[in-house]
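J.: structure for the following, please:
(one chain, ligands or ions: 2)
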Amino acid sequence: MNFEYIKTARKVICIGRNYAAHIKELNNKVPKQPFFFLKPTSSIITPISADYPCKQLPDKSSFNGFNSDGSNPGNILIPNGTIVHHETELAVVMDKYVSNELSTSISNENVWDYIRGVSLALDLTARNVQDEAKKKGLPWSIGKGFDTFLPISGYIPKETLLKTTKSADLQNSFRLKCYVNGELRQDGTTDLMLNPLPKIIQHISTMITLEPGDIVLTGTPSGVGEIHNGDVIVTELFLNDVKLTDMKYDCKERPGPYKYIET
Ligand SMILES: O=C([O-])CC(=O)C(=O)O
Ligand SMILES: [Mg+2]
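T.: Numbers count the residues shown, from 1 in each chain. Ligands and ions are numbered 1, 2, ... in the order given. Take a look at the predicted model:
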């Protein structure tokens with residue numbers, strides 16, 4: 001697995017509410033314009049395996065930088081008092097500076113000129129922290145940005161995608177699955193995105209310039225739900241019927257003094 005790409009991500013930017021069924025399950029409205037939020041790179045973890053053993057962190061620490069190969073093998077940490085939801089998402093890795101693009105200039109055909117490859121991500125969300133922020137007009141940064149809230153897979157270059165499928169229509173060919181303790185919770189396909197990749201990238205570029213290496217999360221399909229200390233989360237990314245990658249994480253209690261208290 002190649003995690004080198006994580007070192008070049010200067011930001012992680014995410015679209016919210018990009019699948020109709022997910023909007024409905026959380027009783028939200030379809031946005032009139034796409035909207036975005038950021039996740040800090042300090043929230044990134046990568047899977048633990050024989051090749052990538054769990055990092056020994058300094059006392060009390062829940063993030064201490066990336067290994068020289070870009071990995072940060074760790075468990076999902078559940079902060080005290082939070083209700084954490086899994087959101088499995090397709091991530092794309094940018095290959096170019098993209099700034100102030102016109103809506104006519106990025107198409108389904110040329111969008112892959114802007115993208116270096118893809119990976120599989122979990123946009124973990126402290127739903128009660130986010131719900132309070134939504135109600136009070138406060139930022140989502142903490143609900144989305146706790147340490148370990150961005151589990152991410154190794155990188156799949158676009159050349160592999162193009163070799164794996166004969167179809168030129170990559171946008172509509174990915175499938176995402178998420179299991180909690182063996183139970184299938186999410187199973188969605190990227191043809192259901194309300195804003196497809198060209199629109200996501202073009203829109204972001206009109207407000208925030210995308211830089212090579214930046215990671216863009218494309219929104220979650222329906223089926224989000226709670227995860228708790230002791231749960232095992234497995235998520236999978238397919239291109240048509242071919243599994244591109246998967247990830248497995250254990251959930252543990254977050255150490256340290258944080259406890260969710262209403263703002
Ligand atoms: O927290 C939310 O529901 C917004 C979001 O990230 C998504 O739709 O993927
Ligand atoms: Mg999300």
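J.: how about the residues of the stretch 101-250 of the chain near ligand 2?
T.: Contacts of the stretch 101-250 of the chain with ligand 2, taken as C-beta under 5 Å from the ion, map to 123, 220. To be clear about C-beta, it is placed using only N, CA and C from the backbone, and glycine gets the same treatment.
J.: what are the boundaries of the strands in the stretch 101-250 of the chain?
T.: Secondary structure of the stretch 101-250 of the chain by DSSP state E, counting those that start in this stretch: the strands cover 115-122, 125-126, 150-151, 156-157, 174-180, 183-189, 215-217, 225-227, 232-239, 242-253.
J.: what sits up against the third one?
T.: What that stands for is strand 150-151. 12, 39, 43-47, 76, 121-124, 233, 235, 247, 249 (C-beta atoms under 8 Å, 6 or more residues apart in numbering).
J.: same thing with the last one?
T.: Contacts with strand 242-253, where a contact means C-beta under 8 Å, 6+ apart, come from 1, 45, 47-48, 75-78, 80, 84, 118-120, 122, 151-154, 156, 160-161, 164-165, 227-238.
J.: out of those residues, which are buried?
T.: Buried members of those, counted by 16 or more other C-beta atoms under 10 Å: 1, 45, 47-48, 75-78, 84, 118-120, 122, 151-154, 156, 161, 164-165, 227, 231, 233-238.
J.: before we move on, the earlier item: nearest to ligand 1 among the strands of the stretch 101-250 of the chain would be which one?
T.: strand 125-126 (4.9 Å; C-beta to the nearest ligand atom).
J.: parallel or antiparallel, which strands does the closest one pair with?
T.: Counting by DSSP bridges, the strands paired with strand 125-126 are strand 84-86 (antiparallel).
J.: where does the protein get nearest to ligand 2, residue-wise?
T.: Closest residue of the chain to ligand 2, C-beta to the ion: Asp123 (3.5 Å).
J.: neighbours of that residue, just the number please.
T.: Using other C-beta atoms under 10 Å, Asp123 has 27 neighbouring residues.
J.: not counting sequence-adjacent ones, nearest residue to it?
T.: Nearest non-adjacent residue to Asp123, counting by C-beta to C-beta, 6 or more residues apart in numbering: Glu87, 4.2 Å away.
J.: the residue of the chain closest to ligand 2 against Ala91, yeah?
T.: No - between Asp123 and Ala91 there is no contact under C-beta atoms under 8 Å: 9.1 Å.
J.: which neighbours do the two have in common?
T.: Jointly contacting Asp123 and Ala91 under the rule C-beta under 8 Å, 6+ apart are Leu217.
J.: which residues does the residue of the chain closest to ligand 2 contact?
T.: 14, 39, 87-89, 144, 149-150, 217, 220.
J.: now these in TSV, with neighbour count and distance to Lys135?
T.: Formatted as TSV, those follow (neighbours: other C-beta atoms under 10 Å; distance: C-beta to C-beta, whole Å):
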residue	neighbour count	distance to Lys135
Cys14	25	20
Lys39	24	21
Glu87	25	20
Thr88	27	26
Glu89	28	24
Lys144	26	16
Phe149	24	21
Leu150	28	24
Leu217	27	24
Thr220	29	21
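J.: those residues: which ones sit near ligand 1?
T.: 14, 87, 220 (C-beta under 6 Å from any ligand atom).
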